[in-house]
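1. Next come a sequence and a model predicted from it.
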Amino acid sequence: MARWQVPAGGAVGALDDLLVGAVDAFPRGRLEALLAQGRPLRVKLGFDPTKPDLHLGHAVVLEGLRRFQQAGHQVVLIIGDFTARIGDPTGKEAARPPLTASEVAANARTYLEQLGRMIDLDKAEIHHNATWLEPMDLAGVLRLLGQATVAQMLARDNFARRHERGDAIGLHELLYPLLQGQDSVEIRADVELGGDDQRFNLLVGRDLQATAGQEPQACVTYGLLVGTDGHEKMSKSIGNDIPLTCPPEDMYGRVMSVPDAALPDWWRLASARGADEVRAVCADLAAGSLHPRDAKMRLARAIVARFHDAEAAGIAEEAFVRRFQERALPLEIPDADAWPAGMPLSPLLVKLGLAATTSDARRLVTQGGVRCHGPEGTVETLGEPMMPVGPERVGQILQVGKRRFVRFGRPGTA
RNA sequence: GGGGGGAUUCCCGAGCGGUCAAAGGGGCCUGACUGUAAAUCAGGUGGCUCUGCCUUCGAAGGUUCGAAUCCUUCUCCCCCCA
């Protein structure tokens, strides 16, 4: 996976912290040379607003960007409102359906809100790439196309894989890296940040800049954070993500479900702590002197604190310990009011949002996944899918699976 | 343009006239164990008014007592040749 390496040479301390989470900076020495000029650099980061939510995986590069901003450099954000309509083929096993302009616009708004949690947007330049890509005419497109060869494009892992497997590759997809590179030309980027899988796209930007008579940008790539499953790159569509907007308690819990093996990566990429601390934790984990569970709890607290605040993180941790380590009922349990008393259990579970379908509810009940917490700590397993649930349950707590709870409040009519 | 192959339940992938709601694996869910980790074990995984009924096998028609399986047309994908 992502290795912990910082470009050779340069002032270790500052550069080290500037590049926490970075996998590589290239070409060699370029970034150091730029930094040595002592002027604020134009640091570019592009985002295609293809989904409404950003998650921890996106935050890796954003943290890098934040560090550049804090060091006094000029952040230049590109909202890829045009490129989003094509779709970045990077990491895609299949072509994806294009988005409409209005979907993109809606996503872009929520993106900026979320970016504001990490970046000082008032000090950032924000561009939409439709500004220059939309009006481009065929002559311009052809000029761009002339910058790359078929062999170069096919050299890319994912294109090559898809091609070999006999999957479709749209011609417009091949154009994508060139468009991203054009963005660098338009905003005269000194540095572009991106995920480790963006290497190719970042390099294309350099080529286009050179052709346009500009100094080619330095590129910094960041590690790809694996999802909560510990294997696949974090992604909402796989369902292994943690959204930045995730509530504190849930966020804490999701971090705790990450497999131990992924911990070092998560510390490097998601903790947003200093280089020294990260190194120390990784070393202790490797040496066995730090219990993985404790390292994970520290991490979970750090992450929640990062996107909410320290107080919320403390509360989330208490709730977690109480619920999962002491196996007590959670403190906050939603009340079900006006629930249809007398209704059979399975449909009731659906009504209360605790099961997806009646059949699903039946399965849960049959398999002993549905319990009712009565007075004085009594627990009763409800095993009859169609047993009627009457008003005598008021005040009791219904538990489905490990984490779904509801307290019976005022009953309504069935 | 010519020839060939293919589209199956969340994914991969069997099935090739009835015994198919459809093998197997993955994922996911529930239970046991536990550190909401890993590994492991057991069960489940279309819907419903659930020992039965209804809807699914790219789309629409057709043959048949009966079709995911046969025929026709259509849509999409891939390969080879040009």
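-> Great, that's in hand. Just so it is clear, the model here is predicted, and its values are computed rather than measured.
2. and the residue of chain A nearest RNA strand B?
-> Of chain A, the residue with the smallest distance to RNA strand B, taken as C-beta to the nearest atom of the strand, is residue A:253 at 1.5 Å. Bear in mind the C-beta positions are built from the backbone N, C-alpha and C, glycine included.
3. can you tell me how far that residue sits from residue A:352?
-> 21 Å (C-beta to C-beta, to the nearest Å).
4. cool, residue A:259 as well?
-> 32 Å.
5. higher neighbour count, those two?
-> Legend: neighbour count by other C-beta atoms under 10 Å for residue A:259 and residue A:352, higher for residue A:352 (20 against 14).
6. so what's the more buried one up against?
-> A:336, A:339, A:398, A:406 (C-beta atoms under 8 Å, 6 or more residues apart in numbering).
7. what about 6 Å?
-> For residue A:352, the contact set (C-beta atoms under 6 Å, 6 or more residues apart in numbering) comprises A:336, A:406.
8. Can you give me the neighbour number for the residue lying closest to residue A:31 once chain neighbours are set aside?
-> Spatial nearest neighbour of residue A:31, excluding adjacent residues (C-beta to C-beta, 6 or more residues apart in numbering): residue A:218 at 4.2 Å. Using other C-beta under 10 Å, residue A:218 has 26 neighbouring residues.
9. and residue A:218, backbone torsions?
-> The phi and psi values for residue A:218, taken as degrees, to the nearest 10, are phi -90, psi 150.
10. rewinding a little: please, which helix or strand holds the residue of chain A closest to RNA strand B?
-> Assigned by DSSP states H and E, residue A:253 belongs to helix A:248-256.
11. Could you list the buried residues of that helix?
-> Across helix A:248-256, burial judged by 16 or more other C-beta atoms under 10 Å covers A:248-249, A:251-256.
12. is RNA strand B contacted by whatever helix or strand comes next after it?
-> Later in the chain than helix A:248-256, the nearest helix or strand by DSSP H and E is helix A:263-270. No: for a cut-off given as C-beta under 7 Å from any atom of the strand, helix A:263-270 has no contacts with RNA strand B; the smallest distance is 7.6 Å.
13. elements contacting helix A:263-270?
-> helix A:275-287 (3 or more C-beta pairs under 6 Å, 6 or more residues apart in numbering; DSSP states H and E).
14. can you state the direction angle for the helix it packs on and helix A:263-270?
-> Computed by axes from the mean of the first three to the mean of the last three C-alpha atoms, to 10 degrees, the angle separating helix A:275-287 from helix A:263-270 equals 170 degrees.
15. List the buried residues of helix A:275-287.
-> By neighbour count on 16+ other C-beta under 10 Å, the buried set for helix A:275-287 is A:275, A:278, A:281-282, A:285.
16. Just list what the helix or strand that that helix is followed by packs against, helices and strands only.
-> Scanning forward in sequence from helix A:275-287 by DSSP H and E, the next helix or strand is helix A:292-307. Identification of packing neighbours for helix A:292-307 by 3+ C-beta pairs under 6 Å, 6+ apart yields helix A:248-256, helix A:310-320.
17. let's see 10 Å
-> Judged by 3 or more C-beta pairs under 10 Å, 6 or more residues apart in numbering; DSSP states H and E, helix A:292-307 is in contact with helix A:56-70, helix A:248-256, helix A:263-270, helix A:275-287, helix A:310-320.
18. Check whether it comes near RNA strand B.
-> Yes: Helix A:292-307 reaches RNA strand B (C-beta under 7 Å from any atom of the strand) through A:292-293, A:296.
19. Equivalent analysis for stretch A:312-319, please.
-> No: on the criterion C-beta under 7 Å from any atom of the strand, stretch A:312-319 is out of touch with RNA strand B, staying 8.8 Å away.
20. Grab the nearest non-local neighbour of the residue nearest the centre of chain A.
-> Geometric centre of chain A, nearest residue: residue A:55, 2.5 Å, by C-alpha atoms, centre = their mean. Among residues not flanking residue A:55 along the chain, residue A:241 sits closest, at 4.0 Å (C-beta to C-beta, 6+ apart).
21. Could you do residue A:194 as well?
-> Nearest to residue A:194 is residue A:202, by C-beta to C-beta, 6+ apart, at 5.3 Å.
22. That neighbour is in contact with residue A:193, isn't it?
-> Yes: distance between residue A:202 and residue A:193: 8.5 Å, which falls inside the contact criterion (C-beta atoms under 10 Å).
23. Pull up the overlap in contacts between those two.
-> Common contacts of residue A:202 and residue A:193 (C-beta atoms under 10 Å, 6 or more residues apart in numbering): A:44, A:217-221.
24. about what we covered before: got a list of what the residue nearest to the centre of chain A touches?
-> Each residue near residue A:55 by C-beta under 10 Å, 6+ apart is listed here: A:114, A:225, A:227, A:234-236, A:240-246.
25. how about 8 Å then?
-> Residue A:55 touches A:234, A:236, A:241-244, counting by C-beta under 8 Å, 6+ apart.
26. What of residue A:136?
-> For residue A:136, the contact set (C-beta under 8 Å, 6+ apart) comprises residue A:144.
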